[in-house]
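A.B. asks: Predicted model and sequence below, questions to follow.
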Amino acid sequence: MKIKTIKNRILLMLPAILLCNMSMNAQTDSLRFGDKFITNRKMIGIGATNILDTYLSPEKYTGTDIRYLSHTLRQRQGNRFVYELVHQGNIAYIDNRSGDGKEMSGNYNFQYGVHYLFNTWNIGSNQLLFEAGGNVEANVGFIYNTRNGNNPAQARAFINIVPTAALEYNFHNPFHSGAYRDFKLRYEIGVPVAGIMFSPNYGQSYYEIFSEGNYDHNVCFTHPGNAPSLRNMLTFDFPLLHSTFSIGYIGEFQQARVNNLKQHVYTHAIMIGIVKTFKLIKVRK
């Protein structure tokens, strides 16, 4: 009688044991194939900028640039594709060589792209990675000239396709064995190859464009021939006070010559911020 009771209890427990085993297998699969690693870098910086826009003035204006950057990289474990998301905003207050004219500018830049991790080299306990791909960027902004009466402002709007490449070096401090030994050095470069931008034509006012509706080639196709540009960023991540901080450099060289107008924005900025890394686990049902 006791043996029969034990058998019945075992039969009743079998479904629960099977369900528990299936759950453990599902968790193992999710840990092996579903992990998503997200690295977010938030930085603020200050630098020097040189701006020319012949629609407003033939003079070059120089001054201080202040900017904010949010840079995110997402990658799944075992997957060579890296997804990049960038939000960047900046303002600048600049004047001309004689000091009798001021300009103010502001921009918001958004980028989203996909990179492929082509190779990984192990150098002792350190690691060097190379990735390349492409981003799509959209930019909106303005330049305001305090001296002009008729045309005091210029809108800046463009969309570009930007091939990108990056080198990342992960290395350790040999003098530490704990939480303060992991460092990362990353360099990324992007060169726009095709896009469209808004520009008034030479001598055309904004009143003619928006009030009169007089279109005059105001949407222009851009390429390296008429808008050679380059963006690059160098960052160094280091652990400090139980957090990961980052210092870096951003260099932007934007140029365009369309509608008989010439413009450029050259900026060098030093950045500082904090880095956070998240690990998301996808549970398979």
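C.D. replies: Thanks, I have it. Residues are numbered from 1 along each chain as shown.

A.B. asks: Would you double-check that Leu73 falls in a helix?
C.D. replies: No. The assignment for Leu73 (DSSP: H, G, I helix; E, B strand; the rest coil) gives strand, which keeps it out of a helix.

A.B. asks: wouldn't it be in contact with Val86 here?
C.D. replies: No. Taking contacts as C-beta atoms under 8 Å, Leu73 lies outside contact range of Val86: 9.8 Å. (C-beta placed from N, C-alpha, C; glycine too.)

A.B. asks: Quick check: mean pLDDT of the lengthiest strand in the chain?
C.D. replies: Among all segments of the chain classified by DSSP state E, the strand with the greatest residue count is strand 102-123. The average pLDDT for strand 102-123 rounds to 94.

A.B. asks: Could I get the buried residue list for that strand?
C.D. replies: Using 16 or more other C-beta atoms under 10 Å as the test for burial, strand 102-123 gives 103-105, 107, 109-111, 113, 115, 117.

A.B. asks: Quick one: list the elements packing against it.
C.D. replies: Other helices and strands packing on strand 102-123, by 3 or more C-beta pairs under 8 Å, 6 or more residues apart in numbering; DSSP states H and E, are strand 57-76, strand 81-95, strand 126-145, strand 153-172.

A.B. asks: could these go into TSV alongside mean neighbour count and mean pLDDT?
C.D. replies: Below are those laid out as TSV (neighbours: other C-beta atoms under 10 Å; pLDDT from 0 to 100):
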stretch	mean neighbour count	mean pLDDT
strand 57-76	18	96
strand 81-95	18	97
strand 126-145	17	96
strand 153-172	18	95
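
A.B. asks: what would the ones you listed look like in CSV with distance to Tyr249?
C.D. replies: Formatted as CSV, the helices and strands packed on strand 102-123 follow (distance: least, C-beta to C-beta, whole Å):
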stretch, distance to Tyr249
strand 57-76, 12
strand 81-95, 14
strand 126-145, 19
strand 153-172, 15
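
A.B. asks: how about low-confidence regions in the stretch 151-285 of the chain?
C.D. replies: 173-181, 282-285 (pLDDT under 70).

A.B. asks: In it, mark out all the helices, start to finish.
C.D. replies: Secondary structure of the stretch 151-285 of the chain, counting by DSSP state H, counting those that start in this stretch: helices at 206.

A.B. asks: was I right about Thr54 contacting Val258?
C.D. replies: No. The criterion here is C-beta under 8 Å, and Thr54 misses it with Val258 at 11.0 Å.

A.B. asks: Tell me which of those two has more neighbours.
C.D. replies: Val258 (21 against 15; other C-beta atoms under 10 Å).

A.B. asks: Who are the contact partners of that one?
C.D. replies: Shown in contact with Val258 (C-beta atoms under 8 Å, 6 or more residues apart in numbering): 197, 199, 220, 222, 226-227.

A.B. asks: Check Arg257 too.
C.D. replies: 226-227, 263.

A.B. asks: top of these by neighbour count?
C.D. replies: Busiest of these [other C-beta under 10 Å] is Ala227, holding 23 neighbours.

A.B. asks: check contacts around that one.
C.D. replies: 192, 195, 197, 254-258.

A.B. asks: Asp95 now?
C.D. replies: 61-63, 101-103.

A.B. asks: between the residues you listed, which is nearest Lys276?
C.D. replies: Distances from Lys276 to the contacts of Asp95, taken as C-beta to C-beta, are shortest for Gly63 (32.4 Å).

A.B. asks: In the beta-sheet assignment, what are the partners of the closest one?
C.D. replies: Thr49, Ile94 (DSSP bridges).

A.B. asks: what's the spacing between it and Asp95?
C.D. replies: 6 Å (C-beta to C-beta, to the nearest Å).

A.B. asks: cool, Phe236 as well?
C.D. replies: For Phe236, the distance to Asp95 - C-beta to C-beta - is 33 Å.

A.B. asks: same check, this time on Asp237
C.D. replies: Counting by C-beta to C-beta, the separation of Asp237 from Asp95 is 36 Å.
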